[in-house]
Structure formats: C-alpha cells, structure tokens
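Trainee: using only what follows, build the 3D model:
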Amino acid sequence: MFQQPPDNTRIPHRLDGPNPKCYLPRLNTLTGALAVPRPFKPEPLMKLRHFRYSSLVALLLATASAPGAPNILFIFSDDHRHDLLGAASSAIQTPALDSLASSGVRFSHAFATTAICSPARASVLSGMYGTRNGVPTLSGPLAFPHATFVHDLAGAGYRTAQAGKWHLGTTPQAGGFHEFARINSNGSWFQRSVTTNIPGVADKLDGTFYETFMADVVIDWIDDHVATNPSQPFLMWWCNQVPHVDGAKQYPDVKTDPGNKVKHTPEGSAGGYRAFYDVADMVVPGNWADDPATWGPAGTKPGYLATSRFVTNSVTESYGGTDGYTNPDPGVRNATVGEDNVQQHQLEYHAAITALDAEIGRVLARLEDPNGDGDTADSIADNTWVIFMGDNGWQTGHHKFTSKVLAYEEACRVPLLVKGPGITPRVEPKLTLNIDVTPMFYNIAGLPAPAHLQGRNLRELAENPATPWRKRFYYEAVVDESSLDAEPHDAIRTEQYKLIRTYASRNDAVNNTGITFEELYDLDADPGELINLAADPGHASIKADLVAALEAEKAVIADTPDPVAFNTPGFPGNPGFEATPFDSGWTNTGLAGHSVPGLSRRRPAR
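Mentor: Prediction:
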C-alpha cells in the first residue's frame, strides 16, 4: 500500500544514485560566477500527429513505478497577476480556473520569491531561492540540475513530462524530464519552433495558437499514458506563455472557434476573445496616481525608477495603443490623458487570460475522460493533484509601471490553486510562496523532503487551515540585471507591513551595506503602497523589527545546505543553451523576413 511519509520529515537529499557521497561545492551566485555551459545539441524532432510509445518510455524509465501514487498536473501561467481570476474578481472571465478554485484551495496571498520568469521556474524545480539554485535572474542554468524534485520523482517511478515554455539555461532532460515539448523563452503566439522528443508532436506551431498547440500535446500525452500504463504515476509540467507579451509588447487576440484557434483579425471584433470585454469596464488602478516626479530622497519610491524601463517602456512601447500610457489624445472615457490606453492594455491582458482559460478547461476535462470518448470509466481525476500557479505578477499602470521584478504587490503576488484528493475547498489567506510547492510534490509522491528545500510543505496547509504557518517571508531581487533595469533590492513582508531596501551594488546586498533607499508600507492602511513610512518616527520600532527580520531570513537562506548530487539513470548531464528573453527569429506571421503559409489551417476540435 502506498504510504505518505510522516509530516515535516526532512532528510538529506537522496543517496541511492551513483556516487551518493558526491557533494557539489557551495554556490552563491551573488558573489560567484557560474560555469560556462557546454554547447547545446538539439534533440531529434518527430512530426507524426498520433502516437503510442510505451516501449520508448519503458527504455527511459530505469526504476520501478510506485503503484497507487497520485498523478501531478502542474500548470504554470506567465506574468499572471494574483487578482486576475474570476474567483477573485468579477472583472475577468476564467470559468475553468474558477471551477478549479471552487473544488480546491485558493491561496489568496501567494508570492514569487523573485518576480522574474527564469528564477520563478528555477525556484519551483529546486525548492530554493535563486541566489542558491544558480538562477537569480534571467536565463541562467540550474546550479544543481540533478537535484530537482523532478529527478527524485523520476527515480521513484514517476513518468515525467514537460510541455510549453522553457526559460532556463538547463535542458528539460537535464532537469529530470523523460519527455518534453518545449518552446524556448518568449515570442510569437502563432509561429514558433518546437523542440521535442515526443513522437507525434509537430516541430512548429504553424499558425496555431501557442496554448492550443500545447494543450493538445498535454491531452494526447495523458491519453497515451492512461491507455498504455495507467498504474504508473505521472508528473506533467505544463508551462504557458500566456499572458506574457510577445516581442512587440502585445497580447494575442485569438479566435474562439474551438476548431480554428488561430490569430483573430480584426482585433477586438466579434469572434475573438477581446470581444468578451468592454474597455469602459476596465478600472484604472488606484495607484496610477503615484507620481514619478515626486520620487527620490524624500519621496515614496527610489528616484531611479522614474527613468527606468518600468516607466519609460510604458511611454515608448505601444501598451494599449499609440504612445502607450502617455497617449497624447484626450481620454474618451476618462478625463486624464493616457487612461484610455491603460484601460485598453488591461482589456487585452484580460482577454489573453480568458483564451488561456479555455485551453486549461480542455485539459482538466480530459482528466475526467482521458480518451475523450464520453465514458468516464477511465477517469483519473480522483487520483490527480492539480496545481495552478502564476510565475510572477504584472503591472498594468500600477505606479505608472509595466513589467514585474519589483517587490510591489502587483509584481510579485500570484494566483495559486491546489486541488487534490481529500482537499476541502476554501480560500486560504496565509502567506505562501512558490518554493512551498516543491515540498508538497515530494509529499504527494511519498518521498521525504530533502534538507536543502527552503519552503514549507504546502500540502499541510491545503489539508488543514489550522496548520502553524509563517508570518513573514523574504523577497529577493538582489542580482541586478541590465535588461530588466532594476537595481539590487530585497524585502521582508509580514501580514501587515512590507520593508523594501535598495542597494548600491550586488555585494552591498550580500553584506547589508550600501543601502540607497528604504520603503515601509502599512498594507492594511495602504494596500496600493503609496505612503512611504520609512522615515516616520512613529514607525521607527516597527522598521527596526523588520530590518532585523529581513537580515535574519537572508542569513537562513545563505546557510541552507547544498543539495547532494546524484544521477538518475538515463538522463544527461547539464547541457546548456542560450535562453534569451525573446525568441526574435519568429514573428506572428512566420520566420522573421519570410512569409509562412498556414495561418488559417484548422486543427480538429479536441
């Protein structure tokens, strides 16, 4: 009989692989450089549509299955702000995610430890902060690729697969996935190359909406798995690109026709997801009133932010329309110049999420009916944990900002839904982190948590709201990244307060020196983070306590033991490749500089 480990069990990382005593040197990417990765060699592509390949998987899996262990479907959306679920706001339509929320736990105060695409992914895979896992900013390789939770689940008999966006300098195979269908970094919604070792998966989108294509991959993979090896547990890691903007800083409009999920034109007209919304219903954020002209030494925000890409991109890029948020034409629905474009940008953001929700709904339905024949006798829903999470948030005019990275709520707070056997539906307000998902994966699989994990077992809180839980957490963005234009900073957040510190350099961030700006917000009284209390004498003792907490949490993270390295049989080492922020080789009409036919090609409804 399949048994769970005792609660809170923590042991060193698995020692049953080859060379179990091989410890990797301690890595701190705040002060040390990463090794140069070996050149990446593409895997062979297969182009057949339908597949049955249990014999291939049998060769890849080197250990016995764990019969009775639950399946895991992890869905990771991109730049998805915490409030953009129908279950949390009537402003957006997400019926599939609302259904998931109503049958599981919605964690209303979930956060990314670093609000950037690559670090968020690395943190869930490793269960560690970016300064410890090797990916504190964009695109780097994992420092300990063989210490991902995926490797451990594979070693315990799970069949592991990845589908969708991949934004790390470590390949999926090196990270523990037997099978993969990956699209590197960000870019076009409708024309991209697909790198895969799954027979039957095409090597390019060829006009099909990104999320429809990958939903088909997930559906077919689950269908095959249930048909060929239903007793073996699986992990499916499905990463979306929606609602991340493409290289032109735009969101897609997609046809709603289930059999023709391609680019919809003219954008906003009937037949596309944007037509679900009225721009007049889009609410301009309350903290849009934050004025960059008042930032600086005596202001509410660090002065550099006023001229950073967080503000300038909202002027130079076409966010919501010509000239972005500083649209020179008078507002039609609002008197304030520019607010029409803020509303339009939000409409496009909402519509992209609704388009994604439709694809999530198709996948969730196939857990109930894996082969789609209308008979639920083969349902795996009752033995499958479904976890939906955003990698980080997104600012749409909040403080006049776009993008994420920063420690403000709209950037680092994310949606998190958990549904599993025995879970009683509710909304849970305790402070949760993306690194709390990793210990839960170990627990679901019946494995003890390795000692290097830095999060809590989220399953305990999901199952029991009385579980003692953290009252504060540390936010980390201490490695400056020129393309993101954020100076080194970190934060401590409690249930009521947030202290943010900006540093002169990376080394200063390590040593808690060179502090150039401090921000203190009372989130109960000021949820929009507009009133900086850092210099207020009446909050001096609160600030002192928060400073001590920040430095204590940072020290614990630095002192956590490194993982023990082991090699899962059948997996490569750590081949690296360049994971650039945008895949600029493709546009929404094909390869850059070329015309690619097939934009109107229909795919069968699934």
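Trainee: tell me the SS of Phe473?
Mentor: State at Phe473, reduced to three classes by DSSP: H, G, I helix; E, B strand; the rest coil: strand.
Trainee: for it, which residues are in contact?
Mentor: With contacts defined as CB atoms under 8 Å, 6 or more residues apart in numbering, the neighbours of Phe473 are Phe111, Thr113, Leu431, Leu433, Ile492, Arg493, Glu553. All C-beta atoms are positioned from the backbone trio N, CA, C, and that covers glycine.
Trainee: let's go with 10 Å and repeat that
Mentor: For Phe473, the contact set (CB atoms under 10 Å, 6 or more residues apart in numbering) comprises 109, 111, 113, 431-433, 435-436, 455, 491-494, 549, 553.
Trainee: in strands, which of these appear?
Mentor: Judged by DSSP state E, strands contain the following of the contacts of Phe473: Phe111, Thr432, Leu433, Ala491, Ile492, Arg493, Thr494.
Trainee: quick one, strands of the stretch 301-450 of the chain?
Mentor: Under the criterion DSSP state E, counting those that start in this stretch, the stretch 301-450 of the chain contains strands at 384-390, 413-414, 416-419, 426-428, 432-433, 449-450.
Trainee: give me whichever of those strands is most buried.
Mentor: Relative to the other members of the strands of the stretch 301-450 of the chain, strand 432-433 carries the highest mean neighbour count by mean count of other CB atoms under 10 Å, namely a mean of 26.
Trainee: thinking again about what came up before, only the buried subset of the contacts of Phe473, as a PyMOL command please.
Mentor: Burial among the contacts of Phe473 is assessed by 16 or more other CB atoms under 10 Å; the matching PyMOL selection reads:
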select buried, resi 109+111+113+431+432+433+435+436+455+491+492+493+494+549+553
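Trainee: and which of the contacts of Phe473 is nearest Thr516?
Mentor: Of all the contacts of Phe473, Thr516 sits closest to Ala491, with 14.5 Å by CB to CB.
Trainee: so that closest one touches Tyr474, yeah?
Mentor: Yes: at 7.4 Å, Ala491 and Tyr474 qualify as touching, with contact defined as CB atoms under 10 Å.
Trainee: between the two, what contacts are shared?
Mentor: Common neighbours of Ala491 and Tyr474 (criterion: CB under 10 Å, 6+ apart): Leu550.
Trainee: which regions of the stretch 51-200 of the chain lie under the pLDDT threshold?
Mentor: Within the stretch 51-200 of the chain, the set of residues satisfying pLDDT under 70 comprises 51-67.
Trainee: and what of the chain?
Mentor: Per-residue confidence for the chain (pLDDT under 70) gives these ranges: 1-67, 315, 322-323, 326-339, 565-606.
Trainee: which parts of it are helices?
Mentor: Assignment of helices within the chain using DSSP state H yields the ranges 54-60, 95-102, 117-126, 130-133, 149-155, 210-228, 309-316, 339-368, 409-412, 437-444, 458-463, 506-511, 540-559.
Trainee: distance to Thr256 added to these, as TSV?
Mentor: Rendered in TSV, the data for those read as follows (distance: least, CB to CB, whole Å):
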stretch	distance to Thr256
helix 54-60	35
helix 95-102	13
helix 117-126	28
helix 130-133	38
helix 149-155	35
helix 210-228	11
helix 309-316	29
helix 339-368	8
helix 409-412	28
helix 437-444	32
helix 458-463	33
helix 506-511	47
helix 540-559	45
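Trainee: and Ala411, what does it touch?
Mentor: Residues in contact with Ala411 (CB under 10 Å, 6+ apart) are 79, 81, 111-112, 115-116, 310, 392-395, 398-399, 401, 403-405, 475, 477, 486.
Trainee: how does it look with 6 Å?
Mentor: By CB atoms under 6 Å, 6 or more residues apart in numbering, the contact set of Ala411 is Ala115, Gly393, Gln395, Lys404.
Trainee: weed out the non-buried ones from the residues you listed.
Mentor: Of the members of the contacts of Ala411, the ones counted as buried by neighbours, 16+ other CB under 10 Å, are Ala115, Gly393, Gln395, Lys404.
Trainee: returning to that earlier point: mind checking which of the helices of the chain is nearest Trp166?
Mentor: Across the helices of the chain, Trp166 has its closest neighbour in helix 117-126 (8.2 Å, CB to CB).
Trainee: work out the gap between that closest one and the centre of the chain.
Mentor: 8 Å (CA atoms, centre = their mean, to the nearest Å).
Trainee: what's the angle from it to strand 384-390?
Mentor: 150 degrees (axes from the mean of the first three to the mean of the last three CA atoms, to 10 degrees).
Trainee: pick out the most distant pair among the contacts of Ala411.
Mentor: Of all pairs drawn from the contacts of Ala411, the widest gap by CB to CB lies between Ala115 and Gln395 and measures 9.8 Å.
Trainee: circling back to that earlier point, return the member of the contacts of Ala411 nearest to Ser126.
Mentor: Ser126 lies nearest to Ala115 out of the contacts of Ala411, by CB to CB, at 16.9 Å.
Trainee: what's across from that closest one in the sheet?
Mentor: With DSSP bridges applied, Ala115 shows beta-bridge pairing to Val405.
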